[in-house]
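Colleague: quick one: sequence and predicted model below, then my questions.
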Amino acid sequence: MGDTVQRLWTEAIGRHRAAVSDYLRAASSIEEPVWRLPVGPDKWSPAQITDHLIRTYQIAGRQVRGGEGIRIRYGFLLRQVLRLLFLPRIFRTRRLPGGAKAPREILPVDSKMPRETALERLDEFSGEFEREILLRRNDRRLRLTHHIFGEIEPLKGVDFMAIHTEHHGRQLPP
């Protein structure tokens, strides 16, 4: 692996670790009663947001290990248009477009989990995802799937996961 590629991986992993760490720090300061309250009208609670992130990392980790990822919902041509219109901006601004809906595979289910348990699980699954993708990063067949954008190569996939975690971190109450 060349120096430039190694540097890009180091930077992406650093951003990913920072995103998860920032999320865990912010979420751990939320009082238990607030943990289960929606952050706004028609919004998830911090407990549900965390469960969504846990599910996202579980599926991404499974896919990196050779299992099934998130099912792609759109046809090839529409995916290409959406990739051209949105992905460059997402990576440049590190922000997801508003109003995007999560696919059912990663919708929150277990929001009754105690806060500390949920945060431990998020830390565990995000770390596992990171370790597994680093082990397999040279596998030319490895891709992560996004329900709208389709297949994403591993390096951009790590960064997308960081952006996704940052996005949900901004949704937490102060």
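Modeller: The structure has been received and is ready for your questions. Numbering: from 1, shown residues only.

Colleague: buried stuff in the lowest-mean-pLDDT helix or strand in the chain?
Modeller: Each helix and strand of the chain was given a mean pLDDT (mean pLDDT, DSSP states H and E); the minimum falls on helix 32-35 at a mean of 91. Buried residues in helix 32-35, counted by 16 or more other CB atoms under 10 Å: residue 35. C-betas here are computed from N, CA, C, even on glycine.

Colleague: same check on stretch 133-148?
Modeller: Residues 133, 137, 142-148 are the ones in stretch 133-148 that count as buried (16+ other CB under 10 Å).

Colleague: rounded mean pLDDT for it, please.
Modeller: Mean pLDDT, stretch 133-148: 95.

Colleague: so how far is the top helix by length along the chain from its chain's centroid?
Modeller: Looking across the chain with DSSP state H, the single longest helix is helix 3-28. Put simply, helix 3-28 sits 12 Å off its chain's centre (CA atoms, centre = their mean, to the nearest Å).

Colleague: show me what it is packed against.
Modeller: Helix 3-28 is packed against helix 46-64, helix 115-136, helix 154-171, with contacts defined by 3 or more CB pairs under 8 Å, 6 or more residues apart in numbering; DSSP states H and E.

Colleague: ok, which of these comes nearest residue 7?
Modeller: The closest of the helices and strands packed on helix 3-28 to residue 7 is helix 154-171. By CB to CB, the value is 11.1 Å.

Colleague: against which helices or strands is the closest one packed?
Modeller: Secondary elements touching helix 154-171 (3+ CB pairs under 8 Å, 6+ apart): helix 3-28, helix 46-64, helix 76-93, helix 115-136, strand 144-146.

Colleague: out of the ones you listed, which is the most enclosed?
Modeller: Sort the helices and strands packed on helix 154-171 by mean neighbour count, taking mean count of other CB atoms under 10 Å, and helix 46-64 sits at the top with a mean of 23.

Colleague: and that one, average pLDDT?
Modeller: Rounded mean pLDDT across helix 46-64 is 97.

Colleague: quick one, that helix and helix 154-171 angle?
Modeller: With axes from the mean of the first three to the mean of the last three CA atoms, to 10 degrees applied, the angle from helix 46-64 to helix 154-171 works out at 170 degrees.

Colleague: chain center to stretch 96-109, what's the gap?
Modeller: Centroid displacement of stretch 96-109 relative to its chain, using CA atoms, centre = their mean, is 11 Å.

Colleague: same deal with stretch 46-54?
Modeller: Per CA atoms, centre = their mean, the displacement of stretch 46-54 from the mean C-alpha position of its chain is 11 Å.

Colleague: re earlier: redo the helices and strands packed on helix 154-171 as a markdown table? Include distance to residue 170.
Modeller: Written out in a markdown table, the entries for the helices and strands packed on helix 154-171 read as follows (distance: least, CB to CB, whole Å):
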| stretch | distance to residue 170 |
| --- | --- |
| helix 3-28 | 9 |
| helix 46-64 | 10 |
| helix 76-93 | 12 |
| helix 115-136 | 16 |
| strand 144-146 | 20 |
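
Colleague: appreciated, that's everything.
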